[in-house]
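1. Okay, structure incoming, though there's no sequence with it:
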Ligand SMILES: Nc1ncnc2c1ncn2[C@@H]1O[C@H](COP(=O)(O)OP(=O)(O)O)[C@@H](O)[C@H]1O
Ligand SMILES: [Mg+2]
């Protein structure tokens, strides 16, 4: 059963289409993330779903109940949609203690003892046992955000909505709380819609990622799918850290094999296996190859295309190499295990091999073919 359905939802602000004909189905218990650069319409989508924003057109269903329809003039207010929201800024009541902040959502509950038990249970879930007598300013950012999460889940909403809940926290806390949100989802099994611009966070948390750009969905898929098989060049470029390598070229069928050859660089050929039916000899394409999908060896024997090391950036377990071509060709970035690169120095000549990647139509920018997977 689909828990949430958005049908052709559009929201404009003046001339800006913040959300443009958005269609999305979210299954029960699914953890789905809206991912995309700032301004792509993530928050607006979430606000339309929650009822804080009224779409210009479209329909929204929650548990098969229409909560919004521009045509049928339905617009159920936020408080009656069964949702819990957590935003980037924790928005706790500063003059209320932790326990009071959490109890605020329970004010309809008459029984003092029942409220007490609930607060204790929730504080335990978010790892803040014994903190109920503190004021928000006596807590760290991470703890405040836990209180915000506690305040949301205490009302037992069927659906959790998060809008960049970890963005205000430092890197370490972000990792810690990320892990706890994942655990929370496993334990409470609530359908979750999560918004972030951070692709690593999205991949770490989600069952499914929805990648947006300019109010339009670019791809919906598992973290594995959107990372390894980006549907178009925007997704290929957006996913991946550091930047992926996008190399333009022409498809050439040569002696039963297919290769992509960048124009004006006859020394470079990216082998893509036997000629696939979806590609034509001579067609113009862009190849996406992730830095970690390029083999780089110190030896400059006959294997590989010759590149010169321009910079070396160690990142701990891995090393990022910026390479420039010895003969001619595009510059490339390579990511290798640090152990493999410990003898490589700046200005060294290395041989590189493209292991796997995706081929896009240069005109439509859509994925045509993936090789080496
Ligand atoms: N209240 C508003 N008034 C005018 N424009 C808005 C408003 N909210 C959002 N927008 C615009 O809509 C677009 C999408 O914004 P938003 O949904 O906040 O993006 P995101 O959350 O992905 O960063 C942006 O161009 C933004 O400037
Ligand atoms: Mg936003």
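-> Received it, and whenever you're ready, just let me know what you need. Only a predicted model underlies this, so the values are computations on that prediction, with no experimental measurement involved. Ligands and ions are numbered 1, 2, ... in the order given.

2. Any regions of the stretch 101-250 of the chain where pLDDT drops low?
-> The stretch 101-250 of the chain contains residues with pLDDT under 70 at 107-110.

3. ok, which stretches of it are helices?
-> Using DSSP state H, counting those that start in this stretch, the helices of the stretch 101-250 of the chain run over residues 112-125, 141-153, 171-188, 199-205, 223-228, 233-238.

4. Give me the buried positions along the first one.
-> Which is helix 112-125. 115, 118-119, 122-123, 125 (16 or more other Cβ atoms under 10 Å). C-beta coordinates here come from the backbone N, C-alpha and C atoms, glycine included.

5. what pairs with the helix or strand that residue 334 is a member of, and is each one parallel or antiparallel?
-> Element membership of residue 334 [criterion: DSSP states H and E] is strand 332-337. Strand 332-337 pairs in its sheet with strand 318-325 (antiparallel), by DSSP bridges.

6. hmm, who's touching the strand it pairs with?
-> 242, 265, 267-268, 291, 296, 305-314, 331-338, 341, 344, 350, 352 (Cβ atoms under 8 Å, 6 or more residues apart in numbering).

7. ok so, going back, how about the helices of the stretch 101-250 of the chain in a markdown table, adding distance to ligand 1?
-> Formatted as a markdown table, the helices of the stretch 101-250 of the chain follow (distance: least, Cβ to the nearest ligand atom, whole Å):
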| stretch | distance to ligand 1 |
| --- | --- |
| helix 112-125 | 28 |
| helix 141-153 | 18 |
| helix 171-188 | 18 |
| helix 199-205 | 13 |
| helix 223-228 | 17 |
| helix 233-238 | 12 |
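
8. Buried ones from the contacts of strand 318-325, can you make that a ChimeraX selection?
-> Applying 16+ other Cβ under 10 Å to the contacts of strand 318-325, the buried members can be selected in ChimeraX as follows:
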select :265,268,291,296,305,306,307,309,332,333,334,335,336,341,344,350,352
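
9. what about the closest residue in space to residue 20 that isn't next to it in sequence, neighbour count?
-> Computed as Cβ to Cβ, 6 or more residues apart in numbering, the closest residue to residue 20 that is not its neighbour in sequence is residue 215, at 3.9 Å. Close neighbours of residue 215, defined as other Cβ atoms under 10 Å, add up to 23.

10. what's near enough to touch residue 215?
-> 11, 17-20, 22, 40-41, 44.

11. between those, which has the most around it?
-> Neighbour-wise, the contacts of residue 215 (other Cβ under 10 Å) top out at residue 19, 29 neighbours.

12. got the domain boundaries for this structure?
-> Residue ranges for the domains of the chain, per automatic domain parsing: 2-233, 245-371.

13. So which of these is the most surrounded?
-> domain 2-233 (a mean of 18; mean count of other Cβ atoms under 10 Å).

14. That concludes my questions; thank you for your assistance.
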